[in-house]
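Engineer: I'd like to go over a predicted model; first the sequence, then the structure.
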Amino acid sequence: MELAIHTWMRSEPLDQAIRRAADAGVTALEIAGEPDRFMPKDVGPMLKAAGMRCFGGVTLMMEGRSLITPDSARREASIQYVKDCVSLVGDLGGEELSVVPGTVGLVVAEGRPEDEWRWAVDSVSECVEHARSYGLTIAIEPINRFETYFINRADQALALAEAVGPDCGICLDLFHMNMEEDDVLGALRRAAPRLADVHVADNNRMAPGMGTLDWPAIVATLKDIGYDGPLSIEFCAPVDRTPANPFPGALDENPTGVSEEQRKFIEDHGSNLLSETFYSQLVQTSAETLLPLIGR
C-alpha cells in the first residue's frame, strides 16, 4: 500500500498541493476531475519533480452531471465528462477513476428504479469501454444517503460493477462506510475481488486519526484481503463557527482564485475554504496516522 491524496478539498495551485503532499510522505495523486483545468503536459512535470505519480482521479458530479438522469442529453454530456476524466488520468499514467453515478447533493430520485439501473449499467459500460484503451479501471464509489439516493453501500456498488462486467471495480470511502455499513470490515472483505481504491477520512470527516475509526483494524483488514492499492486522503473538514471551535484560524479569510463552482462544491460537502496552515495540519496528521500502519 501507499499513501495518496485528492486535490479538490482546497482550491490552490496544483504545484503547491503536490509539494505539500510530497513533504508529508505522500507518493501518489488522485487528481480532481477537471479536465478543462488540468493539462497532462503541465501536471506530469510537477509530479516528477516531487517524486510522486498519478494513481488516479475522482469525478466531480456537480452542475447536474449524472449517469442516471432521465434527461438523455444531460446523460450523454455526463458520459462524455467521465470519458474526459478517464483521458486526463490515462494521459498522466494513472490506473483508476472513481465514479459516483448520480449528482452529488441530489437526494430525491428523478426516475423509476428499473430505468435508473439500466441507465447506470449502460452509462458505466460506455465509460469502461473508453477506459480499456488506457488500461484504466473505472471504480464505482458509494457515498452516503445525504449526498445521493443511489449507491450508498458496498454491496450496491458491487452489484452495479458485476452488472457492468468483469473489469469494473469499486472504490470505498471509510467516512461514507462508517455511516452506511453495519459492518465496515465485513464490507471491505466482501469487496476484495473488485476493490480498486480506498478513500480515507475519519468518522467526522476530519483527517484520519482525528476521530473514532479504528485505523489499525482497517489497515490490517486491507492487508489481510490482499489490497495493495493506495489509501487516498480525502478529508473534508467541517468548520466550527462557534466559541467552542478547537481549531482557530481554520478559515481562509482572504481566499483568491476560487471560482463559485469550486466554492459551492466544497461548501456542499459541509466544509469551507480552509486556511493553508490548517489544511497542512490535516495533511500531516493523515500521514502520521497512516504511514506507520502501512509500513512506509
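Structural biologist: Great, that's in hand.

Engineer: ok, which stretches of the protein are strands?
Structural biologist: 2-6, 28-32, 53-58, 96-99, 137-140, 169-173, 195-200, 230-233 (DSSP state E).

Engineer: from the contact counts, what lies against the fifth one?
Structural biologist: With contacts defined as 3 or more C-beta pairs under 8 Å, 6 or more residues apart in numbering; DSSP states H and E, the packing partners of strand 137-140 are strand 96-99, helix 113-132, helix 154-164, strand 169-173, strand 195-200. Placement of C-beta: from N, CA and C, glycine included.

Engineer: need the helices for this protein, in chain order.
Structural biologist: Assigned helices in the chain, in chain order: 14-24, 40-50, 72-91, 113-132, 154-164, 174-180, 184-191, 215-224, 260-268, 276-294 (criterion: DSSP state H).

Engineer: is it possible to export those helices to TSV including mean neighbour count and distance to residue 103?
Structural biologist: Below are the helices of the chain laid out as TSV (neighbours: other C-beta atoms under 10 Å; distance: least, C-beta to C-beta, whole Å):
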stretch	mean neighbour count	distance to residue 103
helix 14-24	18	25
helix 40-50	15	26
helix 72-91	19	9
helix 113-132	18	12
helix 154-164	19	16
helix 174-180	21	16
helix 184-191	18	24
helix 215-224	16	29
helix 260-268	14	11
helix 276-294	18	26
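
Engineer: CSV for the strands of the chain, including mean neighbour count and mean pLDDT?
Structural biologist: Converted to CSV, those look like this (neighbours: other C-beta atoms under 10 Å; pLDDT from 0 to 100):
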stretch, mean neighbour count, mean pLDDT
strand 2-6, 23, 97
strand 28-32, 26, 97
strand 53-58, 24, 98
strand 96-99, 28, 98
strand 137-140, 26, 98
strand 169-173, 27, 98
strand 195-200, 25, 98
strand 230-233, 27, 98
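
Engineer: can I get those strands in a markdown table with distance to residue 275?
Structural biologist: Formatted as a markdown table, these follow (distance: least, C-beta to C-beta, whole Å):
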| stretch | distance to residue 275 |
| --- | --- |
| strand 2-6 | 18 |
| strand 28-32 | 20 |
| strand 53-58 | 23 |
| strand 96-99 | 27 |
| strand 137-140 | 32 |
| strand 169-173 | 25 |
| strand 195-200 | 22 |
| strand 230-233 | 18 |
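
Engineer: who wins for proximity to residue 20 among these?
Structural biologist: Residue 20 sits nearest to strand 2-6 of all these, at 8.8 Å, using C-beta to C-beta.

Engineer: low-confidence bits of this protein, can you list those?
Structural biologist: Along the chain, segments meeting pLDDT under 70 span 253-272, 296.

Engineer: how about a cut-off of 80?
Structural biologist: Applying pLDDT under 80 to the chain flags the ranges 11, 250-274, 296.

Engineer: returning to that earlier point: got the helices of the chain as JSON lines, with distance to residue 139 columns?
Structural biologist: Putting the helices of the chain into JSON lines (distance: least, C-beta to C-beta, whole Å) gives the following:
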{"stretch": "helix 14-24", "distance to residue 139": "21"}
{"stretch": "helix 40-50", "distance to residue 139": "20"}
{"stretch": "helix 72-91", "distance to residue 139": "11"}
{"stretch": "helix 113-132", "distance to residue 139": "10"}
{"stretch": "helix 154-164", "distance to residue 139": "8"}
{"stretch": "helix 174-180", "distance to residue 139": "14"}
{"stretch": "helix 184-191", "distance to residue 139": "10"}
{"stretch": "helix 215-224", "distance to residue 139": "15"}
{"stretch": "helix 260-268", "distance to residue 139": "20"}
{"stretch": "helix 276-294", "distance to residue 139": "19"}
